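give the three-dimensional model of this entry:
(chains A, B, C and D)
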There are 2 protein chains.
Amino acid sequence: MKLSKKSDYALRAMIYLSANYQKGAVQIKEISAKEKIPQKFLENILLTLRKVGILNSKMGLRGGYELARSPDLITLGQVIRALDGAIAPVDCVSQMSYKPCSEEVTCVIRGVMMEIRNAIADVLDKMTFADMCKRVVDSLEKSEREALTYTI
Amino acid sequence: MKLSKKSDYALRAMIYLSANYQKGAVQIKEISAKEKIPQKFLENILLTLRKVGILNSKMGLRGGYELARSPDLITLGQVIRALDGAIAPVDCVSQMSYKPCSEEVTCVIRGVMMEIRNAIADVLDKMTFADMCKRVVDSLEKSEREALTYTI
DNA sequence: TTAAAAGTCTATCAAGATGATAGAATTTGT
DNA sequence: ACAAATTCTATCATCTTGATAGACTTTTAA
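The predicted structure follows:
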């Protein structure tokens, strides 16, 4: 039930790229520095996201990565699945890497795991990076308001 | 986001023990055979569950394991936490192994992970082994009814 | 045209988690 | 005393994870 470092980094990089969506290609070095992610590791991550069509890249001087489509069309679920694979706690309830278990029909553990899978998917597949950006803004505004309160 | 083999085995063993709650101590060998779990592996699992007070054991001849309390007082969450540790996808939203992350106040990933943690906990901490036993019975009845339908 | 800057690709590595096994020690009922 | 059972500790192979290295390719500004 663990989010891998890889996915964690990926989400941060994606939020960064979403916030810079209109500004064209962003360089790995910049993301790596701002989000404190090991550069070489980030390379692998962004490469994976490009291969599944979430990112576009431009090679060469002034190259870099950018979202392949608008942030409100990319969900956290898409990114996490690209890096960590299936979201489901067991394969017999997974959409993306389904494998039948022997006693599927009467297995009651399967039932519970299906509930959990659906609960997780419900959050991850509805949340877009546009939502995430909005949350960042809200959260910043809130902490500024609070800072102000203390100042007065 | 994976349920370990350990927890999977543990859940099956616990369902077995719950179904045999009134019958006194059940031997590892029996559970191992009926649920097809490597016996030595199962030993470790049941030992862990005993140490956290979910099971009682009786040593020696006619010894074995039994639930330390009624099946409706033991939840799946308790068992999974004993074996796999925290349910939360990241430590900064975990009840049982909470560790602050650096930018906690404004971290938006944290917010989403908290939603997921709560969704998972909501299923696992409400579901008891009494519920699981009931589901087994329901599922068996259902498949019998269906078998009957075909016979007619 | 060419050199620098950028992504691409493949390989490798250390550390930790996972799934499993072995065997000696201890306890208990008869 | 003995047999049957749990207890405890150690070990092991394999896989996954997080990370790094380096050679290669593409682009473009000067």
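
helices or strands up against the helix or strand of chain A with the lowest mean pLDDT?
Least confident element among the helices and strands of chain A, by mean pLDDT, DSSP states H and E: helix A:129-151 (a mean of 89). Counting contacts by 3 or more C-beta pairs under 8 Å, 6 or more residues apart in numbering or on different chains; DSSP states H and E, helix A:129-151 is packed against helix A:5-19, helix B:108-124. For glycine as for every other residue, the C-beta is placed from the backbone atoms N, C-alpha and C.

enumerate the positions of the first one that are buried.
This points to helix A:5-19. For helix A:5-19, a neighbour-count test (16 or more other C-beta atoms under 10 Å in any protein chain shown) marks A:6-19 as buried.

among those residues, which one lies nearest to residue A:108?
Among the buried residues of helix A:5-19, residue A:7 lies closest to residue A:108 (C-beta to C-beta), at 29.8 Å.

could you tell me the model confidence score at the residue in chain A that DNA strand D sits nearest to?
Here the residue of chain A nearest DNA strand D is residue A:60; by C-beta to the nearest atom of the strand that distance is 2.3 Å. On the pLDDT scale, residue A:60 is placed at 95.

number of residues surrounding it?
6 (other C-beta atoms under 10 Å in any protein chain shown).

three-state assignment of it?
Here residue A:60 takes the coil state, with states given by DSSP: H, G, I helix; E, B strand; the rest coil.

touching DNA strand C at all, the strand or helix carrying residue A:78?
Assigned by DSSP states H and E, residue A:78 falls within helix A:76-84. No - Helix A:76-84 lies apart from DNA strand C when judged by C-beta under 7 Å from any atom of the strand; the minimum separation is 13.5 Å.

same question, stretch A:108-120
No - Stretch A:108-120 does not reach DNA strand C (C-beta under 7 Å from any atom of the strand); its nearest approach is 14.2 Å.

C-alpha coordinates for that stretch, CSV please?
Output of stretch A:108-120 as CSV, limited to C-alpha atoms (Å, rounded to 0.1, in the frame of the first residue of the first chain):
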residue,chain,number,x,y,z
VAL,A,108,-14.4,-13.3,-0.1
ILE,A,109,-11.1,-11.5,0.2
ARG,A,110,-11.5,-10.7,-3.5
GLY,A,111,-14.7,-8.8,-2.7
VAL,A,112,-13.0,-6.6,-0.1
MET,A,113,-10.0,-6.0,-2.3
MET,A,114,-12.4,-4.9,-5.1
GLU,A,115,-13.9,-2.4,-2.8
ILE,A,116,-10.5,-1.0,-1.9
ARG,A,117,-9.4,-0.9,-5.5
ASN,A,118,-12.5,1.1,-6.4
ALA,A,119,-12.1,3.5,-3.6
ILE,A,120,-8.5,4.2,-4.6
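
report the separation between residue A:57 and residue A:51.
10 Å (C-beta to C-beta, to the nearest Å).

contacting residues for residue A:78?
A:52, A:54 (C-beta atoms under 8 Å, 6 or more residues apart in numbering or on different chains).

go ahead and confirm residue A:4 touches residue A:84.
Yes - counting by C-beta atoms under 8 Å, residue A:4 touches residue A:84, with 5.3 Å between them.

so which of these two has more stuff around it?
Neighbours were counted for residue A:4 and for residue A:84 using other C-beta under 10 Å; residue A:84 has more, 17 against 14.
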